[in-house]
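Trainee: Got a predicted structure plus its sequence, pasted below:
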Number of protein chains: 2
Amino acid sequence: MENFTAFNPTKLHFGQNVVNNLGLAAAELGKKALLVYGGGSVLRNGSYHDTVRQLENKGIVISEFNGIKPNPRVEDVAVGAKLGRENRVDMVVAVGGGSVIDSAKIIAICISENCDPWDVMTRKHLPTSSSPLIAVLTLAATGSEMNSVAVLQNSQTREKIGFRNDLMYPVHSFLDPAYTLTVPEDHTAYGIVDLVTHCMEAWFGFGDASLSDRFVVTIIQEALKYGPALMKDRQNYELRERIMWAATCALNNMTMYGRTSGDWGVHAFGHTLSFLYDTPHGATLSIMYPAWMKALRERAGDRIIELGKALFNVSNVDETIENLTSFFITLGSPVTCKEAGIDDSKKADILSLMNKNKEEGLNYKFSDAERELVLKYI
Amino acid sequence: MENFTAFNPTKLHFGQNVVNNLGLAAAELGKKALLVYGGGSVLRNGSYHDTVRQLENKGIVISEFNGIKPNPRVEDVAVGAKLGRENRVDMVVAVGGGSVIDSAKIIAICISENCDPWDVMTRKHLPTSSSPLIAVLTLAATGSEMNSVAVLQNSQTREKIGFRNDLMYPVHSFLDPAYTLTVPEDHTAYGIVDLVTHCMEAWFGFGDASLSDRFVVTIIQEALKYGPALMKDRQNYELRERIMWAATCALNNMTMYGRTSGDWGVHAFGHTLSFLYDTPHGATLSIMYPAWMKALRERAGDRIIELGKALFNVSNVDETIENLTSFFITLGSPVTCKEAGIDDSKKADILSLMNKNKEEGLNYKFSDAERELVLKYI
């Protein structure tokens, strides 16, 4: 095992009607809030109204910023931060999924430090403070509700990148699985893919961490069991609840302790698709993971087989990849670019951007030729 | 699943030489420390000297209290708290195992609140503040380094009881597995028993928590694999490290999320032995768990079998109990009172005290007759 620090200060409130405690938690943080959200789903599932009611009942003045898109943009974050500064808010309250919470994390830093958000993402500006953040999660997928990571894209530099800082843990997160009952079929599937691949990025990282490996397997097993069941019964609160908690555990640090880092190469490859074609994050991962494994069958073969044994009781690379691919297909998430509406003529553009940004993992590095090999399989 | 709050603010530093960061962490908390420890082991394993050096290098003034015994006493805690108050310390630094850290948690509260420690344990005095606590762990077993629980005994009231409060999380904990290399054979075994039974208390609690159940199984599997290996190779840093991290995870809340509570009946029974005969905590658990299962073979049969399947690939109560008992025997931990030096003539006294204190679990309740049944098996 590698030396590590286990730390996660987020107070996460889980279960039916937990948002009833939000007002009290917010009142301890101040009197003015920037409310950050994205599209209309939070209006339909009740989370927006519940949150507003909680804040208003405590006399907290709300400024609203609803400009966040899926695959969130740094330009929008800058606008949100400006609004928060102008209104001198004491806290940021994010209502939504990973895109909203990730954006709100950087908005909270920029409100406190009056800095440029892309400078934060690119580590040009190292933050030392943040406005406190409360998250209300409405999609089981991201893990952002209980970690210190944010991913944003920049259309000018043509990059989609992640940033991590201990300042970025939400102070409170509220997870009511009932808010996810109305998540449509495709995004329910993408969320399950996302949580499984978060675990796999940990598995393919480096450092010999036996207990964290066990947690990886066990969280994926939970998704293998309850994910397909949920796809057939999307109004089932109990299944929503199990997937929601599994998604949090998939990226709340517990799979990482004892490793130097996860790999994150598949996420990097997937980000290229999202950047170019606005492909949903989870869909990029179900396309890229089998291809990444095929390209790495020699270099990562032992580790792929070890995972296949633990998850599917198979003993070779091919069967592991087949089982994983079948699982993604069962969920209804695409496993080729074509299924995601990206035709073969686009592959040159994809490869070109992947090579320009030198996309690869922290553990498994890639040459241009190896990236081209991945592209053959997607 | 039951509604729950996931929260654990302890910053836990794990690995070789992590104590080198203690001085810096302590300096942020103040200028005067109460250093709490127990017997001579911390002098021999280097942890005491490393900690003192760290504090002194930052100019932190140290008051020492080394009065903590195994199966810690509330009387000693009162003396420690008095010393801390007299010296107006800014923090408590605990160096040792569970007894020391548990004691230090209550000392830290009593320093801050000038209250009676038994009033805290019995919930007569509800604390609202605590002096900050730093823990340096020297024994893999307790979990106290990353939770908010303390267990103390009181010779006057003839009780050994636990208390939990969010104020009691250590601010920092330092876990260097090298400090555990010199832990003798018996206490190494007791530590492994302790961590396994912490997981089992969660398993036999109530509430339907599928992912927490998986974590229970997986942490026990880690102990089944590396525990016996460690008993044969006690100087092996890598094995010490795996057991130390497993012990922390066994009681840092992650096996409890989604449940109403663990059971804790076996711990309650074990505390009676510790109170009467100063039997080491882990030894009481390896004696009591198989007996508790035998007494509950009807009421808890399904759950016992489910655990047996997951851990030992067996499908009935008897084989589950046999496998668990064999595991404890392999470690060298006693599975009968006799093996712990308590002869059969004492059983009336044990039963009498268990009945007086109405010892039982939160999930599985016990009548006097059922307690008598447990006594037959130990």
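Mentor: Sure thing, it's come through.

Trainee: which is the next helix or strand following the longest helix that chain A contains?
Mentor: Longest helix of chain A, by residue count under DSSP state H: helix A:210-232. Per DSSP states H and E, the first helix or strand lying C-terminal to helix A:210-232 is helix A:237-249.

Trainee: and that following helix, what does it pack onto?
Mentor: strand A:4-14, strand A:172-175, helix A:185-203, helix A:210-232, helix B:210-232 (3 or more Cβ pairs under 8 Å, 6 or more residues apart in numbering or on different chains; DSSP states H and E). Backbone N, C-alpha and C define where each C-beta goes, glycine included.

Trainee: rewinding a little: any part of the longest helix of chain A near chain B?
Mentor: Yes. Residues of helix A:210-232 contacting chain B under Cβ under 8 Å from any Cβ of the partner chain: A:S210, A:L211, A:R214, A:F215, A:V217, A:T218, A:I219, A:Q221, A:E222, A:K225, A:Y226.

Trainee: could you dump those residues to TSV with neighbour count, pLDDT and distance to A:P72?
Mentor: Below are these laid out as TSV (neighbours: other Cβ atoms under 10 Å in any protein chain shown; pLDDT from 0 to 100; distance: Cβ to Cβ, whole Å):
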residue	neighbour count	pLDDT	distance to A:P72
A:S210	17	97	36
A:L211	25	98	33
A:R214	22	98	33
A:F215	25	98	28
A:V217	19	98	31
A:T218	23	98	31
A:I219	28	98	25
A:Q221	18	98	31
A:E222	24	98	28
A:K225	15	98	31
A:Y226	21	98	28
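
Trainee: of these, closest to A:D349?
Mentor: Of all these, A:I219 has the smallest distance to A:D349: 34.8 Å, by Cβ to Cβ.

Trainee: so who does the residue of the stretch 51-200 of chain A found nearest chain B touch?
Mentor: When scored by Cβ to the nearest Cβ, the stretch 51-200 of chain A has A:M146 as its residue closest to chain B, at 7.3 Å. Counting by Cβ atoms under 8 Å, 6 or more residues apart in numbering or on different chains, A:M146 touches A:N8, A:T10, A:L12, A:Y169, A:P170, A:S173, A:T248, A:L251, A:N252, B:A6.

Trainee: In TSV: these, plus neighbour count, distance to B:K347 and pLDDT.
Mentor: Shown next, in TSV, are the contacts of A:M146 (neighbours: other Cβ atoms under 10 Å in any protein chain shown; distance: Cβ to Cβ, whole Å; pLDDT from 0 to 100):
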residue	neighbour count	distance to B:K347	pLDDT
A:N8	21	46	98
A:T10	22	48	98
A:L12	24	46	98
A:Y169	24	52	98
A:P170	28	53	98
A:S173	24	50	98
A:T248	28	47	98
A:L251	27	51	98
A:N252	22	46	98
B:A6	22	42	98
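
Trainee: can you tell me which of those lies nearest to A:L34?
Mentor: Distance to A:L34, by Cβ to Cβ, is smallest for A:P170 among these, at 13.9 Å.

Trainee: part of a helix, is the closest one?
Mentor: No. The assignment for A:P170 by DSSP: H, G, I helix; E, B strand; the rest coil gives coil, which leaves it out of any helix.

Trainee: was I right about it contacting A:V136?
Mentor: No. Using Cβ atoms under 8 Å, A:P170 is not in contact with A:V136; the gap is 9.7 Å.

Trainee: Find residues that contact each of the two.
Mentor: Common neighbours of A:P170 and A:V136 (criterion: Cβ under 8 Å, 6+ apart): A:A94.

Trainee: which residues does the most centrally placed residue in chain A contact?
Mentor: The centre of chain A sits closest to A:T142, judged by Cα atoms, centre = their mean, with a distance of 3.0 Å. By Cβ under 8 Å, 6+ apart, the contact list for A:T142 reads A:G97, A:G98, A:I101, A:D102, A:D194, A:A247, A:L251.

Trainee: now with 10 Å?
Mentor: A:96-102, A:135, A:149, A:151, A:191, A:194-195, A:198, A:247-248, A:250-251, A:281-282 (Cβ atoms under 10 Å, 6 or more residues apart in numbering or on different chains).

Trainee: now A:T330
Mentor: Taking Cβ under 10 Å, 6+ apart, we find A:T330 in contact with A:A189, A:I192, A:L224, A:G227, A:P228, A:M231, A:K232.

Trainee: Just name the closest of the residues you listed to chain B, please.
Mentor: A:L224 (11.5 Å).

Trainee: wait, doesn't that closest one sit right on A:L311?
Mentor: Yes. A:L224 is within contact range of A:L311, at 6.8 Å (criterion: Cβ atoms under 10 Å).

Trainee: Just want to know which of these two has more residues nearby.
Mentor: Neighbour count, other Cβ atoms under 10 Å in any protein chain shown: between A:L224 and A:L311, A:L311 has more, with 22 against 17.

Trainee: so that one is in which element?
Mentor: helix A:301-312.

Trainee: residues near A:A27, how many?
Mentor: Neighbours of A:A27 under the rule other Cβ under 10 Å: 15.

Trainee: if I look at it, how far off is A:L83?
Mentor: 22 Å (Cβ to Cβ, to the nearest Å).

Trainee: Ok, A:S129 next?
Mentor: With Cβ to Cβ as the criterion, A:S129 and A:L83 are 19 Å apart.

Trainee: which of the two has more neighbours?
Mentor: Taking other Cβ under 10 Å, A:S129 and A:L83 do not tie; A:L83 has more neighbours (18 against 10).

Trainee: So what does the nearest residue to the more buried one once chain neighbours are set aside have for phi and psi?
Mentor: Leaving out its chain neighbours, the residue that sits closest to A:L83 by Cβ to Cβ, 6 or more residues apart in numbering or on different chains is A:F65, at 5.3 Å. Here is the backbone geometry of A:F65 (degrees, to the nearest 10): phi -140, psi 110.

Trainee: Would you confirm that A:F65 contacts A:A81?
Mentor: Yes. At 9.1 Å, A:F65 counts as touching A:A81 under the criterion of Cβ under 10 Å.

Trainee: Give the residues shared as contacts by those two.
Mentor: With Cβ under 10 Å, 6+ apart, A:F65 and A:A81 have common neighbours A:L34, A:V92, A:S103, A:A104, A:I107.
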